[in-house]
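K.L.:
Dropping the sequence and predicted coords here.
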Amino acid sequence: MPPTRPTSTRKADPRATSRPSSAPSQRPSRTPQRSSRIPAKSNGLPPDMPARRGKGERPAPQKQPQPPQGKAQRPEKTDDRDRRPSKRDPNDKRPPHRTPPRAERPSRGPGKPDHTRKPAPRPKRVPGQINKPKPKEAPPPPPKAARPAAPPARKPPPARKPPQASAAKAETARKPEAPRKPARPRESERERDSDAELYIDEDTPSRFGRVVLFGRPNVGKSTLLNALLGETIAITSHHPQTTRDQILGVVTEGSTQLVFVDTPGVHEPRNKLGARMNHLARDAARDADVVLFLTEVPRDLGSPFRPTDLEILSAVPEGKPVVCLVNKIDELHEMSGLMPLLTRYLAAYPFVAIIPISAKKRDGLKGVLAEAAKNVPEGEHGFDDDALSDKPVRFFVAEFVREQILRRTREEVPHGVAVIVDSFDESAKLARIDVSIHVDKESHKPIIIGAGGSSLKAIGSEARARVEKMLGRRVHLQLWVRVTPGWYESDSALRDMGYGPVTKEP
């Protein structure tokens, strides 16, 4: 009898008996096909054997038994520890479980916070009331250490009798001295020359005088005026003949008032404007109480006094005190040759004094103030103590605009520019100022305006900042560029532009 496959003890798959597999088996059946035992629609296995799946086939998904429709059933818990009987078993003799209150729970140990404790209840806050924090309790004071026993008191020494002075010595005893006046501080004890303050004694008589800054162009007269005043009222630039008019600056220290006058530089005139500038400078030197003649340190320290300076000094009347100021000493690399230079200058002209200074570095200004105050006459002050200058604001507005033009142009353009204030309205909250810039040639106009008005905009912005600082309020500054050919040769144009009538040189 041929061997047969033992019968499997597993339950028959209902899917295999109810519906046969649609996919034919790829492996040949190992059992012989018998028509008498194997049904016609079979895969070669006994009916109680599950059908094999071929290579690459997936098993058919099995359907999970679904719960009956209605209320969903909760899954049963298998862990007995999670179960809690609704009622206590009467046969259970163990004490009932009770959660101890928080006060009875063991602490976590010293130094460890207990997060299980409830925080202290906050006080109720009433609307509109600010609760003050409770003051912290101060720690108890440390115990005082016992003081050592005091040593036994000693007997004081016997008092000595004061020596009796004789009658002669009593008569010659020193009487109390009267209070002395404070001594004048030394130069080393005072502040640096950057403050430019003048020390004046209380009993000094009142003094008042005009001190004129006189000399060649571009020697630092305007820079010195600004340094002495502590305010920038005179415009400066690297171009010569920047100053075209007299500018007054008032310095009041105690009972002395000095009126410094900045003048145009004396030069070879080429037009009527230059001749007028020379006349203003020489006329101011004649009417001055003290003349401060400015010159600069030459490149060659061995050179003599300049003949040009001697010619300029010839306009000063004889007997008028003249102080020579040698400016720009900060450009010297060695000071050894400075003293021989000052000696030669003193021999060339009878100066009252000669002082080396640096107006840019504000060095030597106290000596200038002291020498000027010593040579001015006695008299009442001519200006208020808080006065700074006698020029109106319109004059400084025009000068501030011209200063920016001088700093942004070169060659012949700055010498052919004049500035006039057309209107000045301070009635509104924002002051409105209209300014006209007159140029000599049509080709100078695009240079002042710049590409797309960039140069004119920069000039107006810088000048407006200076004007707002002086006035202490916001300003709307409007600039206009106009062509006025040959204005510096026309008497009427010079008069309209504020330079006044031109007089002949004496």
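P.N.:
Perfect, I can see it now. In this text, all values refer to a predicted model and were calculated from it rather than measured experimentally.

K.L.:
what about Gln246, how many neighbours?
P.N.:
Per other Cβ atoms under 10 Å, the neighbour tally for Gln246 reads 17. All C-beta spots, glycine's among them, are computed from the backbone N, C-alpha and C.

K.L.:
Am I right that it is in contact with Asp287?
P.N.:
No: using Cβ atoms under 8 Å, Gln246 is not in contact with Asp287, being 10.4 Å away.

K.L.:
So His476: helix, strand or coil?
P.N.:
strand (DSSP: H, G, I helix; E, B strand; the rest coil).

K.L.:
contacting residues for it?
P.N.:
By Cβ atoms under 8 Å, 6 or more residues apart in numbering, the contact set of His476 is Leu430, Ala431, Arg432, Ile433.

K.L.:
can you give me the helices for the chain?
P.N.:
Taking DSSP state H as the criterion, the chain carries its helices at 14-18, 167-171, 221-229, 272-286, 307-313, 338-348, 365-375, 393-408, 444-449, 454-471, 491-496.

K.L.:
Return the most buried member of these.
P.N.:
Across the helices of the chain, averaging neighbours per residue (mean count of other Cβ atoms under 10 Å) puts helix 221-229 on top, at a mean of 23.

K.L.:
So which residues make contact with it?
P.N.:
With Cβ under 8 Å, 6+ apart, helix 221-229 has contacts from 196, 213-215, 232-236, 242-243, 247, 249-251, 260, 262-263, 265, 292, 294, 325, 327, 357, 359-360, 362, 365, 368-369, 388.

K.L.:
Tell me the buried residues within those residues.
P.N.:
Neighbour-count burial (16 or more other Cβ atoms under 10 Å) applied to the contacts of helix 221-229 gives 196, 213-215, 232-236, 242-243, 247, 249-251, 260, 262-263, 265, 292, 294, 325, 327, 357, 359, 362, 365, 368-369, 388.

K.L.:
Tell me how many other residues surround Asp363.
P.N.:
When neighbours are counted by other Cβ under 10 Å, Asp363 comes out with 17.

K.L.:
now do Pro485
P.N.:
13.

K.L.:
any idea how far Glu489 is from the nearest residue to it once chain neighbours are set aside?
P.N.:
Excluding the flanking residues, the one nearest Pro485 by Cβ to Cβ, 6 or more residues apart in numbering is Asp440, at 6.1 Å. Using Cβ to Cβ, to the nearest Å, we find Asp440 at a distance of 10 Å from Glu489.

K.L.:
of the two, who's got more company?
P.N.:
A direct count of neighbours by other Cβ under 10 Å for Asp440 and Glu489 places Asp440 higher, at 19 against 13.

K.L.:
Correct me if wrong: the more buried one contacts Tyr488.
P.N.:
Yes: with contact defined as Cβ under 8 Å, Asp440 reaches Tyr488; the gap is 7.3 Å.

K.L.:
any shared contact partners between those two?
P.N.:
Contacts common to Asp440 and Tyr488, judged by Cβ under 8 Å, 6+ apart, are Gly416.

K.L.:
pLDDT wise, what is the closest residue in space to Pro350 that isn't next to it in sequence at?
P.N.:
Distances taken as Cβ to Cβ, 6+ apart place Val322 nearest to Pro350, at 7.9 Å, with adjacent residues excluded. We have a pLDDT of 97 for Val322.

K.L.:
what's near enough to touch Val322?
P.N.:
With Cβ under 8 Å, 6+ apart, Val322 has these contacts: Val290, Val291, Leu292, Phe293, Leu313, Val316, Tyr349, Pro350, Phe351, Val352.

K.L.:
Of those, select the buried ones using a ChimeraX command.
P.N.:
Typed into ChimeraX, the line below selects the buried ones among those, using 16+ other Cβ under 10 Å:
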select :290,291,292,293,313,316,351
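
K.L.:
which among the contacts of Val322 gets closest to Leu477?
P.N.:
Leu292 (34.5 Å; Cβ to Cβ).

K.L.:
if I pick the closest one, what's in contact with it?
P.N.:
So Leu292 contacts Val211, Val212, Leu213, Phe214, Leu224, Val322, Val323, Leu325, Val368, Ala372 (Cβ under 8 Å, 6+ apart).

K.L.:
Isn't the first one up against Phe293?
P.N.:
To tie it back to what came earlier, the one meant is Val211. No: using Cβ under 8 Å, Val211 makes no contact with Phe293, being 11.4 Å away.

K.L.:
Let me know the pLDDT of Thr204.
P.N.:
Looking at Thr204, the pLDDT reads 73.

K.L.:
Count the neighbours of it for me.
P.N.:
Neighbours of Thr204 (other Cβ under 10 Å): 13.

K.L.:
Grab the nearest non-local neighbour of it.
P.N.:
Per Cβ to Cβ, 6+ apart, closest to Thr204 is Ser255, 5.4 Å.

K.L.:
Run a quick neighbour tally on that neighbour.
P.N.:
17.

K.L.:
That one against Ala373, yeah?
P.N.:
No: at 9.8 Å, Ser255 and Ala373 do not qualify as touching, with contact defined as Cβ under 8 Å.

K.L.:
about what we covered before: among the contacts of His476, which ones are buried?
P.N.:
Ala431, Ile433.

K.L.:
pLDDT added to the contacts of His476, as a markdown table?
P.N.:
Putting the contacts of His476 into a markdown table (pLDDT from 0 to 100) gives the following:
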| residue | pLDDT |
| --- | --- |
| Leu430 | 92 |
| Ala431 | 94 |
| Arg432 | 96 |
| Ile433 | 96 |
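
K.L.:
Mark which of the contacts of His476 are part of strands, please.
P.N.:
Ala431, Arg432, Ile433 (DSSP state E).

K.L.:
returning to that earlier point: now, the most widely separated pair of the contacts of Leu292?
P.N.:
The widest separation within the contacts of Leu292 (Cβ to Cβ) is 15.5 Å, between Leu224 and Val322.

K.L.:
Provide the partner residues of the residue nearest to Pro350 in its beta bridges.
P.N.:
According to DSSP bridges, the partner residues bridging Val322 are Val291.

K.L.:
Pick the one among the contacts of His476 closest to Met335.
P.N.:
Ile433 (47.5 Å).

K.L.:
Where does the prediction get shaky in the stretch 1-150 of the chain?
P.N.:
Along the stretch 1-150 of the chain, the model assigns pLDDT under 70 to residues 1-89, 92-93, 95-138, 143-150.

K.L.:
Just the CA atoms from stretch 348-367 would do, formatted as PDB, please.
P.N.:
Provided in PDB are the C-alpha atoms of stretch 348-367 (Å, rounded to 0.1, in the frame of the first residue of the first chain):
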ATOM      1  CA  ALA A 348      62.400 145.000  12.100                       C
ATOM      2  CA  TYR A 349      59.400 146.900  13.600                       C
ATOM      3  CA  PRO A 350      58.800 148.500  17.100                       C
ATOM      4  CA  PHE A 351      56.200 146.000  18.300                       C
ATOM      5  CA  VAL A 352      54.800 146.400  21.800                       C
ATOM      6  CA  ALA A 353      55.000 142.600  22.100                       C
ATOM      7  CA  ILE A 354      55.400 139.500  20.000                       C
ATOM      8  CA  ILE A 355      53.500 136.300  20.800                       C
ATOM      9  CA  PRO A 356      53.800 132.900  19.000                       C
ATOM     10  CA  ILE A 357      50.300 131.400  18.700                       C
ATOM     11  CA  SER A 358      48.300 128.600  17.000                       C
ATOM     12  CA  ALA A 359      44.800 129.800  16.300                       C
ATOM     13  CA  LYS A 360      43.800 126.400  15.000                       C
ATOM     14  CA  LYS A 361      45.000 124.600  18.200                       C
ATOM     15  CA  ARG A 362      43.900 127.500  20.500                       C
ATOM     16  CA  ASP A 363      47.400 127.800  21.900                       C
ATOM     17  CA  GLY A 364      48.700 131.100  23.300                       C
ATOM     18  CA  LEU A 365      45.300 132.800  23.400                       C
ATOM     19  CA  LYS A 366      45.600 133.900  27.100                       C
ATOM     20  CA  GLY A 367      48.700 135.900  26.300                       C
END
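
K.L.:
Thanks a lot, see you next time.
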